[in-house]
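Asks: Please work out how this folds:
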Amino acid sequence: MRRVVITGMGTVNPIGKNVPEFCEGLKEGRLGVSAIDRFDASDFEVKVAGQVKDFDPTGVIEKKECRRLDRFTQFAVVASDEAMKDSGSDFKDVDPFRAGVIIGVGVGGLNLTEQEHSHFLEKKDKVSVFFIPMMIANMAAGTVSMKTGFKGDNFATVTACASGTHAIGEAFRKIKDGYLDVALAGGAEACISRFALAGFNNMKALTREEDPAKASTPFDLNRSGFVLGEGCGILVLEEYEHAKARGAKIYAEVAGYGATCDAYHMTSPSPTGEAAAAAMKQAYTEAGLKPEEVEYINAHGTSTHLNDAYETIAVKIALGEEAAKKTVINSTKSMTGHLLGAAGAVEAIATALQINEGFIHQTIGYTTPDPECDLDYCIEGRRDREVNAALSNSLGFGGHNAALCIKKVTD
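Replies: Predicted coordinates:
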């Protein structure tokens, strides 16, 4: 059976514009949520976001090309460039039709859509000739393939907040089942705009807390909604024997993947937790693990009342009450905010880093226990300890559930 390992990683997110910076941010519990400064938000109820500040893609992308790529695609190109360099290979020894790119995106070029719609209302012929190719969600995957020469499977998973995790899971399956030997997989998102803020706020999904330190507080009794964020995470997934033969640095092994649907509600997760639990069970079972061998879970942990309570129920079903209480859980969103389609990919990188470096980061901002959320959410501080096996969960609008099982590599 073919095994799949992580041999390169790249990221752009609110607490780190590269992997080393991100890792340090996780270790120190850095807060990436801040007052919105991308535009004037004074007339909005929502005042904070997880913004990527001082992002300059011109070290990787020429200025002329930057003007023809939406911000989410720029994120993907920059993160992919870092991941490829980190892997130590350009994979020219691999048949290009056995090298793929799968990048999940939740909403695509929403900023650009807002901008070009304004132009359209003013004067119809002022809509940019580049609007469609810049806006469509698949353009991150397509552009990255042009940069790398990878000609295998190339598509965008679009499953809201589960998009990045589904992309990694589908790439894992392609390599495990023998269709690919290497893939760039992950998620990208950049939709912090007045248009998006209004939409998410009107459906009561976003927090209206103005203090950044109190805004994204997963599993806390006083949590009041998620913080809109942006960013990208890209992983190089590689067939183990190929990676081993070239002496590649290996962060961790992707050993299992689960994907289910609640079939319940457009925006609310199912209160039973059964479908999310099934995704977790599928992931750790495929990895050959027992429930008690799952030592750590990077939770979806959005800081909304329903998600955090129902995800807690799902973890208990997936692992059993006894094992669930012994498993350490955290939420990277407590630092980054919710990166939507990029969240699962950035959190998969966080999970691989914690396995590789031997720590579990704190869920920051937590102050008040919630009786509905009664597991170990790593709230006191970072824990320096070995992690052998973990799950990374993503739960998306539409009832989409995805889980990855990531393990320390053993021969």
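Asks: drop to CA atoms for contacts and neighbour counts, all remaining ones
Replies: OK.
Asks: Can I get stretch 231-250 as PDB, trimmed to CA atoms?
Replies: Output of stretch 231-250 as PDB, limited to C-alpha atoms (Å, rounded to 0.1, in the frame of the first residue of the first chain):
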ATOM      1  CA  GLY A 231      -4.600  33.400   4.000                       C
ATOM      2  CA  CYS A 232      -3.300  30.300   2.400                       C
ATOM      3  CA  GLY A 233      -1.700  27.000   3.200                       C
ATOM      4  CA  ILE A 234       0.000  24.700   0.700                       C
ATOM      5  CA  LEU A 235       1.500  21.300   1.300                       C
ATOM      6  CA  VAL A 236       3.700  19.100  -0.900                       C
ATOM      7  CA  LEU A 237       2.300  15.600  -0.600                       C
ATOM      8  CA  GLU A 238       4.600  12.900  -1.900                       C
ATOM      9  CA  GLU A 239       4.600   9.100  -2.200                       C
ATOM     10  CA  TYR A 240       6.800   7.900   0.700                       C
ATOM     11  CA  GLU A 241       9.200   5.700  -1.200                       C
ATOM     12  CA  HIS A 242       9.900   8.500  -3.700                       C
ATOM     13  CA  ALA A 243      10.500  10.900  -0.800                       C
ATOM     14  CA  LYS A 244      12.700   8.400   1.000                       C
ATOM     15  CA  ALA A 245      14.800   7.600  -2.100                       C
ATOM     16  CA  ARG A 246      15.700  11.300  -2.700                       C
ATOM     17  CA  GLY A 247      16.500  11.800   1.000                       C
ATOM     18  CA  ALA A 248      13.600  14.300   1.500                       C
ATOM     19  CA  LYS A 249      12.900  16.000   4.800                       C
ATOM     20  CA  ILE A 250       9.600  14.500   6.000                       C
END
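Asks: Phe397 is in contact with Cys261, correct?
Replies: No. In this structure Cys261 lies outside contact range of Phe397 using Cα atoms under 8 Å: 10.2 Å.
Asks: where in this protein is pLDDT low?
Replies: For the chain, no stretch has pLDDT under 70.
Asks: That one - how does it break down into domains?
Replies: Annotated domains of the chain cover 4-245, 256-403 [automatic domain parsing].
Asks: Make a markdown table out of those and add mean neighbour count and distance to Asp411.
Replies: Listed next are the domains of the chain as a markdown table, based on neighbours: other Cα atoms under 10 Å; distance: least, Cα to Cα, whole Å:
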| stretch | mean neighbour count | distance to Asp411 |
| --- | --- | --- |
| domain 4-245 | 21 | 10 |
| domain 256-403 | 22 | 13 |
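Asks: Take the ones you listed and lay them out in TSV including distance to Thr410.
Replies: Formatted as TSV, the domains of the chain follow (distance: least, Cα to Cα, whole Å):
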stretch	distance to Thr410
domain 4-245	11
domain 256-403	10
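Asks: Next, the residue of the chain most remote from its centre: phi, psi?
Replies: Relative to the C-alpha centroid of the chain, counting by Cα atoms, centre = their mean, Lys123 is the outermost residue, at 37.7 Å. Main-chain torsions, Lys123, degrees, to the nearest 10: phi -160, psi 120.
Asks: How about Gly106?
Replies: Dihedral angles (degrees, to the nearest 10) for Gly106: phi -80, psi -50.
Asks: wait, isn't it in contact with His166?
Replies: No. Using Cα under 8 Å as the test, Gly106 is too far from His166 to be in contact (11.3 Å).
Asks: Overlap in contacts, the two.
Replies: Common neighbours of Gly106 and His166 (criterion: Cα atoms under 8 Å, 6 or more residues apart in numbering): Thr159.
Asks: Could you tell me how far the closest residue in space to Asp374 that isn't next to it in sequence is located from Gly344?
Replies: Excluding its sequence neighbours, the residue lying closest to Asp374 (Cα to Cα, 6 or more residues apart in numbering) is Thr312, at 7.7 Å. Remark: distance between Thr312 and Gly344 (Cα to Cα, to the nearest Å) = 18 Å.
Asks: So which elements touch the lengthiest helix in the chain?
Replies: Longest helix in the chain by number of residues (criterion: DSSP state H): helix 71-87. Where contact means 3 or more Cα pairs under 8 Å, 6 or more residues apart in numbering; DSSP states H and E, helix 71-87 is packed against strand 4-12, helix 139-148, strand 182-189, strand 231-239.
Asks: continuing past it, what's the next helix or strand?
Replies: In the C-terminal direction, the helix or strand that comes right after helix 71-87 (DSSP states H and E) is strand 99-104.
Asks: how far does that following strand sit from the chain's center?
Replies: Relative to its chain's centre, strand 99-104 lies at 14 Å (Cα atoms, centre = their mean, to the nearest Å).
Asks: quick one: strands adjacent to it?
Replies: With DSSP bridges as the test, strand 99-104 is paired with strand 154-155 (parallel), strand 182-189 (parallel).
Asks: Show residues contacting it.
Replies: 138, 140-142, 144-145, 150-159, 163-168, 170-171, 180-188, 234, 341-342.
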